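Enquirer: Let's see this in three dimensions:
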Amino acid sequence: MNIAYKTVLLTVSPIKITAREYGIPDASLRHRLWESQSGGNTLRTTTSQEEEAYFTHHLKLRASCGYGYSRSNSVYMASEYSIRSRYSG
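Expert: This is a model prediction of the structure:
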């Protein structure tokens, strides 16, 4: 659990994939990360505030036109963007 926790913090790896790699429940790893975050430690973000604002604007625009994304699709899109921007930059 400690190794998976440190892996997520240091490499900003997806929680679900890291938990699967180390054979632990992803809910346990997510809970551990949440506790550390609420205790004063913060997780690094992979996107800037401008990128988050652009993504939020896109989601709101699509929703206002009647073509909103589901929560799972929104999370998937944000994850994919984050992964691609990390490897292209």
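
Enquirer: From now on I want contacts and neighbour counts done on CA atoms only, so please keep to that.
Expert: OK.

Enquirer: what about the residue nearest to the spatial centre of the chain, helix or strand, and which?
Expert: Geometric centre of the chain, nearest residue: residue 79, 5.8 Å, by Cα atoms, centre = their mean. Secondary structure assignment for residue 79, by DSSP states H and E: helix 71-88.

Enquirer: List the contacts of residue 74.
Expert: residue 59 (Cα atoms under 8 Å, 6 or more residues apart in numbering).

Enquirer: Tell me how far the residue located most distally from the centre of the chain lies from residue 74.
Expert: For the chain, the C-alpha farthest from the mean C-alpha position belongs to residue 65; by Cα atoms, centre = their mean, that distance is 26.2 Å. Distance, residue 65 to residue 74, by Cα to Cα, to the nearest Å: 16 Å.

Enquirer: Now for residue 83, how many residues are close by?
Expert: 16 (other Cα atoms under 10 Å).

Enquirer: what about it, distance to residue 62?
Expert: 23 Å.

Enquirer: With residue 74 instead?
Expert: Residue 74 sits at a distance of 11 Å from residue 62 (criterion: Cα to Cα).

Enquirer: Tell me where the chain has helices.
Expert: 2-11, 15-22, 26-38, 49-64, 71-88 (DSSP state H).

Enquirer: I'd like those as JSON lines, with mean pLDDT appended.
Expert: Below are the helices of the chain laid out as JSON lines (pLDDT from 0 to 100):
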{"stretch": "helix 2-11", "mean pLDDT": "85"}
{"stretch": "helix 15-22", "mean pLDDT": "90"}
{"stretch": "helix 26-38", "mean pLDDT": "79"}
{"stretch": "helix 49-64", "mean pLDDT": "88"}
{"stretch": "helix 71-88", "mean pLDDT": "81"}
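
Enquirer: Good, wrapping up.
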